[in-house]
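1. Everything below, folded, please.
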Amino acid sequence: MKLPALDKTAKTINRVRYYAAGITRHAVPREWYLQRCRQILGDLEASPELEELMRRANYYNRLPHCSVQLGTRLNAVDRAQSRYYFDLDEYLRYFPCRLKVNYLFGDVTWVPNAPSLVKSRPTGEANENSVLLNLDKLRHFRLCADDTPWAKKKPMAVWRGALNNPLRVELLRRHQQSEFADVGHIGEAKDGLQAKGFLSPQEQMGYRYILSIEGFDVATNLKWIMASRSVCVMPKGRYETWFMEGGLIPDHHFVEVRPDFSDLEDKIAELERNPQWAQDIVANANAYVASFCDRKTERKISLLVLQKYFEATGQLPPSAFSPLFFQQTRELQPA
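-> Next comes the predicted model:
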């Protein structure tokens, strides 16, 4: 998986491309997308990849058949939050505009009362009304190249970020003076917690261990850490997005530490004693990230998620996928 550098110029180019693509989609008649959707879903019916695609689609959308009040026609979604709008509209355009959806933009850390399209949801049971799509991906799916060999990385943990939840505060209270961790928040010193200078993703990749700590919902840095040559270290997450954070396996995709970070030094010492384990975790994490990087595959899954949403809410008749949509058990976990 070859990734680009993520300097300021590259970020600007990516942003321009993103908005240009969103605007260009509106110049294409909706009928083209409707025909394309029928073709894509039709080709999937006998596809050998259907089982894997359906596994992920049913993870994102756990809705049973339900009778609900739906509020917004597909061509009337609010455009005020442009990144969320463009990401949602990218796939809504493949369906008739007479259909309706409920949706919530932003960091959603609760389960809505009605089936809704969201970026994030709590992990675990009883989250069926939270239907995940890949929203705000310009911010959350930023991946960049890591060219620093393991031997040249500092044998320490690193973290930079805002103090926007108790986990992050606890990290600094316990480890801001630790010799094995370079941790600090961005901003002014307060309450005895020191501020440190900004470190870019590339600068943080100069360390062997990078901490990922949830903010308002998921940790924004998780994807690029897992795509790097460094080990992701974090407490088990409470929220998940399109990245299926709830299915990450501790000590396989990342190294799990306690929420109070009391075992952080011990975990780093263990990794330093066992570099092969560290390299195995990096390899597993890299492979996990790579499974989200094929645009055609992500489009197929997104269309299946929405097809199930419209069938579950009674707006579309049963399709060839209905038996797979609605006869699933609760073992839906990432491979």
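
2. Report the buried residues of stretch 242-262.
-> Within stretch 242-262, the residues that qualify as buried by neighbour count (16 or more other Cβ atoms under 10 Å) are 242-248, 253-257, 261. Backbone N, C-alpha and C define where each C-beta goes, glycine included.

3. now do stretch 50-70
-> Judged by neighbour count using 16+ other Cβ under 10 Å, the buried positions of stretch 50-70 are 50, 53-63, 68, 70.

4. quick one: which of those sit in helices?
-> When DSSP state H is applied, those are split such that 50, 53-60 fall in helices.

5. ok, so of the residues you listed, who is nearest Ala269?
-> Top of the list for closeness to Ala269, among these and by Cβ to Cβ, is Tyr59 at 35.3 Å.

6. The closest one reaches Met244, doesn't it?
-> Yes. In terms of Cβ atoms under 8 Å, Tyr59 counts as a neighbour of Met244; the distance is 6.1 Å.

7. quick one: pLDDT of the residue nearest the centre of the chain?
-> If you average the C-alpha coordinates of the chain and look for the closest C-alpha using Cα atoms, centre = their mean, you land on Phe243, 3.3 Å from that point. Per-residue confidence for Phe243 comes out at a pLDDT of 97.

8. Likewise for Phe141?
-> Each residue has a pLDDT score; the one for Phe141 is 78.

9. Run a quick neighbour tally on it.
-> Here the count is done by other Cβ atoms under 10 Å, and Phe141 has 19 residues near it.

10. show me what contacts the residue lying closest to it once chain neighbours are set aside?
-> Ranked by Cβ to Cβ, 6 or more residues apart in numbering and with sequence neighbours excluded, the top spatial neighbour of Phe141 is Lys223, at 5.8 Å. Contacts were defined as Cβ atoms under 8 Å, 6 or more residues apart in numbering; by that measure Lys223 touches 140-143, 243, 289.

11. how about the CA coordinates for the one helix or strand Lys223 maps to, as PDB?
-> Secondary structure from DSSP states H and E places Lys223 in helix 222-226. Presented in PDB, the C-alpha positions along helix 222-226 are these (Å, rounded to 0.1, in the frame of the first residue of the first chain):
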ATOM      1  CA  LEU A 222      -6.100   6.100  14.400                       C
ATOM      2  CA  LYS A 223      -6.200   5.400  10.700                       C
ATOM      3  CA  TRP A 224      -2.800   7.000   9.800                       C
ATOM      4  CA  ILE A 225      -1.200   5.400  12.800                       C
ATOM      5  CA  MET A 226      -2.300   2.000  11.800                       C
END
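
12. And that helix, how far out from the chain middle?
-> Relative to its chain's centre, helix 222-226 lies at 10 Å (Cα atoms, centre = their mean, to the nearest Å).

13. before we move on, the earlier item: with respect to Tyr18, which of the buried residues of stretch 50-70 is nearest?
-> Looking across those and measuring by Cβ to Cβ, the closest to Tyr18 is Tyr60, at 21.8 Å.

14. didn't that closest one look like it was pressed against Leu132?
-> Yes. Under the criterion of Cβ under 8 Å, Tyr60 is in contact with Leu132, at a separation of 4.1 Å.

15. Which residues are in contact with each of the two?
-> 242, 305.

16. Can you get me a residue count around Arg238?
-> For Arg238, the neighbour count with other Cβ under 10 Å is 16.

17. same question, Ala10
-> Neighbourhood size, Ala10 [other Cβ under 10 Å]: 13.

18. what's the distance between Asp147 and Tyr207?
-> Between Asp147 and Tyr207 the distance, using Cβ to Cβ, to the nearest Å, works out to 14 Å.

19. ranges for the helices of the stretch 51-200 of the chain?
-> Listed in chain order, the helices found in the stretch 51-200 of the chain under DSSP state H, counting those that start in this stretch are 82-92, 137-140, 166-175.

20. So what touches the shortest one?
-> So that's helix 137-140. Identification of contacts with helix 137-140 by Cβ under 8 Å, 6+ apart yields 14-15, 18, 83, 87, 119, 218, 220, 223, 241-243.

21. Can I get the buried part of the residues you listed as one PyMOL selection?
-> Selection of the buried residues among the contacts of helix 137-140 in PyMOL, burial being defined by 16+ other Cβ under 10 Å:
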select buried, resi 18+83+87+119+218+220+223+241+242+243
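
22. nearest to Ile301, of the contacts of helix 137-140?
-> Closest approach between the contacts of helix 137-140 and Ile301, by Cβ to Cβ: Trp242, at 9.0 Å.

23. Let me see the contact set for the closest one.
-> Residues in contact with Trp242 (Cβ under 8 Å, 6+ apart) are 60, 119, 132-135, 137, 292.
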